[in-house]
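Peer 1: Next one to model:
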Amino acid sequence: MNLFNDIKDIVLQAVATLVAAGDLPEGLDFGAIAVEPPRDPLHGDMATNAAMVLAKPAGLSPQVIANKLAVLLAQNPCISEVAIAGPGFINLRLHNEVLQGLVVAILTQGIDYGRATFGAGIRVNVEFVSANPTGPMHVGHVRGAVFGDALARLLAFAGFGVTREYYINDGGAQVEVLARSAYQRYRQAYGYEPEISEGLYPGDYLIPVGAAMKDAFGRSLLEEPEEKWLTTVRDFAGEMMMDMIREDLASLNVQMDVYSSEKALYGTGQIEAAIDKLRSQGLIYEGVLESPKGKTLEDWEPRKQTLFKSSNFGDDVDRPVMKSDGSWTYFAPDVAYHYNKVQRGFDQLIDIFGADHGGYVKRMKAAVAALSDGKTTLDIKLIQLVKLWKNGNPFKMSKRAGTFVTLRDVVDLVGADVTRFVMLTRKNDAPLDFDFDKVLEQSKDNPVFYVQYANARINSVMSKAKALGLPTSDVALGAMGAATLSHDAELAVIKKMAEWPRLVEIAARGNEPHRVAFYLYDLASELHGLWNKGNDNPALRFVQEDLAVMGPKIALVRAVGVVISSGLAILGVTPVEEMR
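Peer 2: Model prediction:
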């Protein structure tokens with residue numbers, strides 16, 4: 001049930017009636033007509049822009065259309081009051097019975113309340129994290145991992161067929177640096193002093209890799225020259241790093257569906273096939289790029305290169321795919337990888353990159369548009385930096401990692417649930433401060449605590465009601481109805497729950513899972529507000545002596561619990577049953 005869509009249908013029916021009566025011309029586009037919460041709750045329960053949208057194409061003033069619509073809308077049994085505001089907005093108040101019926105509907109639908117279907121039949125690939133397999137994941141990866149997983153859950157809730165994918169960047173020079181670093185730990189396992197020269201990875205996390213290599217290869221690699229052991233050590237260390245990364249992700253409650261390897265693109269013809277596809281469209285040519293002015297342009301050479309006409313698709317300049325020496329640029333395998341996604345039949349691609357990859361956005365969108373003949377969309381979400389604080393000071397780097405704070409450091413200190421929720425309390429492209437003290441603080445200022453406390457209160461009330469003999473199953477509570485819920489504070493909670501399906505649709509269409517976290521905080525605030533009013537007004541308390549009076553109140557509480565549980569599931573957070 002989506003109450004906003006139901007009321008929108010009523011508005012559209014009223015508009016159609018005006019068209020049929022000749023009060024509005026035929027052929028009008030109703031697509032921009034919306035029904036949404038009013039900016040000021042005092043103005044009503046919902047508002048529509050119908051008169052504003054139709055005025056210009058109909059050649060009429062918004063007030064004229066609004067007056068005619070108001071007459072029809074006031075006749076609908078769901079609407080108790082219609083008021084025209086400003087230049088033609090129409091504010092609507094609903095009969096209490098409509099809002100009360102929503103409580104029963106939520107108990108009937110359970111966790112499916114708010115679930116959307118507009119994504120049905122659409123296959124989406126969400127690629128996220130994709131960290132270099134050279135060490136443990138750091139705090140920057142945490143935010144990308146949480147955002148990507150929550151987005152995947154949100155899209156699945158909206159009906160999309162979602163694939164979570166990790167692109168293993170194992171085709172570049174960084175994995176050879178890993179191999180050389182791990183080899184020094186292998187020597188260390190035999191009692192030699194490791195030679196961690198500048199440019200190698202100094203973290204202690206490679207010590208177990210060296211020990212594992214000792215067990216696997218014995219002394220066979222000690223006297224071999226680098227060209228003999230480099231590939232072997234690279235592959236061995238890379239696999240151990242990926243095992244560590246999988247464990248890190250699991251500790252954050254993130255599971256990938258697919259792991260794709262950059263290395264697997266080389267020597268298989270996939271890169272060549274992607275470039276040939278672009279060449280067949282006349283989008284590959286030999287040329288010399290102008291010297292960049294004021295900023296560094298990756299892969300720029302003052303000589304002829306093989307270039308992709310990405311500027312045809314809105315990019316600032318064309319992009320090299322092959323260097324003058326015949327080797328591929330970093331961009332070429334990325335083109336091939338995205339071509340692979342297109343060939344796998346995805347309708348939409350979503351890439352989640354760190355903020356430092358902003359320069360990659362236009363070129364990747366250009367490549368996907370060209371490779372899919374414009375049929376596959378690509379949305380790239382950039383994840384801004386996270387600043388860590390503890391005891392009022394910046395949180396220091398992890399000794400184990402060598403240069404950064406690891407994902408495990410964060411999860412071990414506050415837990416996966418707190419980590420995930422806090423990472424979604426800011427929009428992905430806004431910087432985020434993660435204060436270890438504040439995220440564990442038990443106050444309204446801590447959104448994690450505030451939402452979980454609401455859920456714990458709900459469980460407490462449900463337990464007390466059951467102990468008093470009230471049937472507390474969803475079926476039993478739904479059968480009791482909600483006709484006695486009429487106080488403004490009770491109705492405010494219901495109105496906030498009415499927004500949940502609409503919020504899901506907006507968040508899913510915009511690829512914005514942070515909206516769910518914001519919504520849960522607002523819903524929890526309404527519940528806590530009602531709870532506090534009960535301290536002064538016994539009639540508003542959830543637990544009552546009369547079971548017939550208590551039933552609808554418990555139904556309301558349970559409905560809130562259903563919505564909170566659904567929202568937390570999208571965030572990948574486990575609801576807390578009691579607060580300690």
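Peer 1: For this protein, give me the ranges with low pLDDT.
Peer 2: Scanning the chain with the threshold set as pLDDT under 70 gives 292-300, 397-403, 580.
Peer 1: Report the central residue of it.
Peer 2: residue 151 (2.8 Å; Cα atoms, centre = their mean).
Peer 1: Show me where the stretch 251-400 of the chain has its strands.
Peer 2: Residue ranges of the strands in the stretch 251-400 of the chain, as given by DSSP state E, counting those that start in this stretch, are 258-261, 284-287, 305-308, 319-322, 348-354, 377-383, 386-390, 393-394.
Peer 1: same question but for the stretch 101-250 of the chain, I mixed them up
Peer 2: Counting by DSSP E, counting those that start in this stretch, the strands of the stretch 101-250 of the chain are 123-127, 161-168.
Peer 1: Take these and write them to TSV, including distance to residue 414 and mean neighbour count.
Peer 2: The C-beta positions use only the backbone N, C-alpha and C, and glycine is treated the same way. What follows is these, written out as TSV (distance: least, Cβ to Cβ, whole Å; neighbours: other Cβ atoms under 10 Å):
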stretch	distance to residue 414	mean neighbour count
strand 123-127	25	23
strand 161-168	24	21
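Peer 1: Columns distance to residue 69 on top of the ones you listed, output as CSV?
Peer 2: Formatted as CSV, the strands of the stretch 101-250 of the chain follow (distance: least, Cβ to Cβ, whole Å):
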stretch, distance to residue 69
strand 123-127, 37
strand 161-168, 39
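Peer 1: Residue 71: which of those strands is closest?
Peer 2: Evaluated over those, closeness to residue 71 peaks at strand 123-127, with 43.9 Å, by Cβ to Cβ.
Peer 1: Could you list every helix and strand in contact with that closest one?
Peer 2: Contacts defined by 3 or more Cβ pairs under 8 Å, 6 or more residues apart in numbering; DSSP states H and E place strand 123-127 against helix 139-157, strand 161-168, strand 348-354.
Peer 1: now the angle between strand 377-383 and that strand, please.
Peer 2: 30 degrees (axes from the mean of the first three to the mean of the last three Cα atoms, to 10 degrees).
Peer 1: by how many degrees do strand 123-127 and strand 161-168 diverge?
Peer 2: Angle, strand 123-127 to strand 161-168, by the same axes, to 10 degrees: 30 degrees.
Peer 1: Sheet partners, orientation included, of strand 123-127?
Peer 2: strand 161-168 (parallel), strand 348-354 (parallel) (DSSP bridges).
Peer 1: Please name whichever of the strands of the stretch 101-250 of the chain is nearest to residue 240.
Peer 2: Nearest of the strands of the stretch 101-250 of the chain to residue 240, taken as Cβ to Cβ: strand 161-168 at 13.2 Å.
Peer 1: what's the burial count for residue 38?
Peer 2: 18 (other Cβ atoms under 10 Å).
Peer 1: now residue 516
Peer 2: Neighbourhood size, residue 516 [other Cβ under 10 Å]: 25.
Peer 1: and it, helix, strand or coil?
Peer 2: Secondary structure state of residue 516, per DSSP: H, G, I helix; E, B strand; the rest coil, is helix.
Peer 1: Help me confirm that it comes into contact with residue 507.
Peer 2: Yes - the criterion here is Cβ atoms under 8 Å, and residue 516 meets it with residue 507 at 5.9 Å.
Peer 1: anything in contact with each of these two?
Peer 2: Contact with both residue 516 and residue 507 is made by residues residue 154, according to Cβ atoms under 8 Å, 6 or more residues apart in numbering.
Peer 1: Tell me which residues touch the closest residue to residue 371 other than its chain neighbours, please.
Peer 2: Closest residue in space to residue 371, ignoring its immediate chain neighbours: residue 339 at 4.8 Å, by Cβ to Cβ, 6 or more residues apart in numbering. Counting by Cβ under 8 Å, 6+ apart, residue 339 touches 270, 273-274, 277, 367, 371.
Peer 1: circling back to that earlier point, mean neighbour count and distance to residue 155 added to the strands of the stretch 251-400 of the chain, as TSV?
Peer 2: As requested, the strands of the stretch 251-400 of the chain are exported to TSV (neighbours: other Cβ atoms under 10 Å; distance: least, Cβ to Cβ, whole Å):
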stretch	mean neighbour count	distance to residue 155
strand 258-261	15	16
strand 284-287	13	34
strand 305-308	22	30
strand 319-322	24	29
strand 348-354	21	8
strand 377-383	19	11
strand 386-390	16	23
strand 393-394	9	35
